[in-house]
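**Q** everything below, folded, please.
(2 chains)
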Amino acid sequence: MIESPLPAPAKVDDERKKARMGPEAVRIVTDTFKSEGIDLIVTLPEEPTFSLTEAIRKDPYFTAVTVTDESTGIAMCGGSSLGGRSTVFVTGIAGLLVGAWALSQMSIVFGAPFLIMASYRGDFGDRTGIPGSQLALFKRVAEPLLSTLGVPYQIVAEEKKLQKAIVDSHFMCHSYATPVALLLAGEVLW
Amino acid sequence: MNSAESPTKMRRYDCLERLAGWVDEHMLAVTSLSSNTAIWSEVRPNGPNFMGMNMGLCVPFALGLSMAFPGRTVIALDSDGSLMNNTSALLSVGDSRPSNLMIVVMDNQSYARMGPTASARNADLEGIARSSGIERTATIRTHAEFEEYVRPALRQPGPSFFRVVVEAETERLVGNRRRVYGQAMKARFMEAVAAHPDYQKWNERAALAAARQAIADS
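**A** Sure thing, here's the model as predicted:
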């Protein structure tokens, strides 16, 4: 048997375990949500933000609601935020694409002020094991879509910028009367 | 709780007019972008109404409002075509079970004047709601049933779901465009909810949370 000179390839499962928000980023996010008075978290679980949503679910400060589709989640955030409750929708970038109809209504038509945190699959460094053609789609479509829908966004790839990004985005969504998206990437996720 | 088919269907206007008479000034209502909006704006012109929710978004938007105002009844006035665009929302309601949410679906079994919806054939909207986890449900075909089921449910723990079978309108109804749609409607809604003592502005909420956090940290 000929021995391969190359190192054994990492298993996809190992790569996926790494492609999750780490404990320090989770702490920053939950602490900042608390200091901002954000206590309603709407989510549809996905791997990169799973550690965050699990931490939120276990913390009695938060009300965590798992929805069955992204349009429902986004419209729900619209209702709760216009009712005065500070709300965040935690999802993946694919979820934002699925929820584009609801997002167009909550942004352009009604100006609902809530925060979106989405893992930005397809951005630089993504090793989640998703087929490259899908990642390419996300990278090509997501940012132009958010721009078209009038949803301000920023990509947060460094943990040290996470807290300020949340505070600024929370202020912005109320000040501008619109959903605002934080696209999580880089060392925040992988 | 299905009842026998009534020979003549109820008019949507009559049902919504009755409902408006039972709703107090503290209850919040969300209407789908259908005849519901035009009629509701006429029968309940004031109060916290959020009107004109487009396809599939009426129920989830109302679900969000129910989370913002857990002490108040929130009514989603949806329509069959809109609900069928996003029946997944019923799963989310059945899963989270907000006790203050009532869903009333005005089912004229047609896409306005453009042919029948699936509820005119095989779809069982009440069955979908019940199997999604919403326990208090009914299909309503008479005014007596409407009063029997809907009126008490406004003040009972939910969530509840009522499919109200009504006749299809023969002409398009539109409300006052200056009052019941878009930003003008939103401004009226915000004015109405801001008057509620349990409404809290986001920056006041944030300031309070920061103060609590500072105390906890010290």
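**Q** how many neighbours does residue A:74 have?
**A** Using other CB atoms under 10 Å in any protein chain shown, residue A:74 is surrounded by 33 other residues. (C-beta placed from N, C-alpha, C; glycine too.)
**Q** pLDDT wise, what is residue 141 at?
**A** Assuming you mean chain A. Confidence at residue A:141, expressed as pLDDT, is 94.
**Q** my bad, chain B
**A** Looking at residue B:141, the pLDDT reads 96.
**Q** helix, strand or coil for residue A:182?
**A** Using DSSP: H, G, I helix; E, B strand; the rest coil, the secondary structure recorded for residue A:182 is strand.
**Q** from residue A:142, how far off is it?
**A** As for residue A:182, its distance to residue A:142 is 13 Å (criterion: CB to CB, to the nearest Å).
**Q** likewise for residue A:55?
**A** 25 Å.
**Q** more crowded one of those two?
**A** More neighbours surround residue A:142 than the other of residue A:55 and residue A:142, with 22 against 17 (other CB under 10 Å).
**Q** and the more buried one, what are its phi and psi?
**A** Geometry field for residue A:142 lists phi and psi as phi -60, psi -50, criterion degrees, to the nearest 10.
**Q** that one against residue A:96, yeah?
**A** Yes. Contact between residue A:142 and residue A:96 holds when scored by CB atoms under 8 Å: they sit 6.5 Å apart.
**Q** which helix or which strand is home to the residue nearest to the spatial centre of chain A?
**A** Per CA atoms, centre = their mean, the C-alpha nearest to the average position across chain A is that of residue A:118, at 1.6 Å. Element membership for residue A:118, per DSSP states H and E: strand A:115-119.
**Q** any chance you could map the helices in chain B?
**A** Taking DSSP state H as the test, the helices found in chain B are B:12-22, B:35-43, B:58-68, B:80-85, B:88-96, B:125-131, B:143-153, B:177-180, B:182-194, B:202-217.
**Q** now the terminal residues of stretch B:68-79, how far apart.
**A** Using CA to CA, to the nearest Å, the end-to-end distance of stretch B:68-79 comes to 23 Å.
**Q** average pLDDT for it?
**A** On average, stretch B:68-79 scores 96.
**Q** what comes up buried for it?
**A** Of the residues in stretch B:68-79, those scored as buried under the neighbour-count criterion (16 or more other CB atoms under 10 Å in any protein chain shown) are B:68, B:69, B:72, B:73, B:74, B:75, B:76, B:77, B:78, B:79.
**Q** got a list of what the first one touches?
**A** When you say that, I think you mean residue B:68. Residues touching residue B:68, when contacts are defined by CB atoms under 8 Å, 6 or more residues apart in numbering or on different chains, comprise A:40, A:79, A:80, A:81, A:82, A:83, A:84, A:85.
**Q** give me that answer again for 6 Å
**A** For residue B:68, the contact set (CB atoms under 6 Å, 6 or more residues apart in numbering or on different chains) comprises A:80, A:83, A:84, A:85.
**Q** and what of the last one?
**A** By CB under 6 Å, 6+ apart, the residues touching residue B:79 are B:32, B:34, B:36, B:106.
**Q** partners of the first one in the sheet?
**A** According to DSSP bridges, the partner residues bridging residue B:32 are residue B:53.
**Q** how about stretch B:37-51: buried residues?
**A** B:37-44, B:47-51.
**Q** likewise stretch B:204-217?
**A** Taking 16+ other CB under 10 Å as the basis for neighbour counts, the residues of stretch B:204-217 that come out buried are B:205, B:206, B:209, B:213.
**Q** separation between the last one and chain A?
**A** It refers to residue B:213. When distances are taken as CB to the nearest CB, to the nearest Å, residue B:213 and chain A turn out to be 5 Å apart.
**Q** for the strand holding residue A:118, output the C-alpha coordinates as PDB.
**A** Listed next in PDB are the C-alpha coordinates belonging to strand A:115-119 (Å, rounded to 0.1, in the frame of the first residue of the first chain):
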ATOM      1  CA  LEU A 115     -32.200  44.100  14.200                       C
ATOM      2  CA  ILE A 116     -31.200  41.200  12.100                       C
ATOM      3  CA  MET A 117     -28.200  39.100  12.800                       C
ATOM      4  CA  ALA A 118     -27.300  36.700  10.000                       C
ATOM      5  CA  SER A 119     -24.400  34.400   9.500                       C
END
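**Q** what's in contact with that strand?
**A** Applying CB under 6 Å, 6+ apart, the set of residues contacting strand A:115-119 is A:48-49, A:88-93, A:96, A:169-170, A:173, A:179-184, A:189.
**Q** doesn't residue A:150 make contact with residue A:104?
**A** No. With contact defined as CB atoms under 6 Å, residue A:104 does not reach residue A:150; the gap is 8.6 Å.
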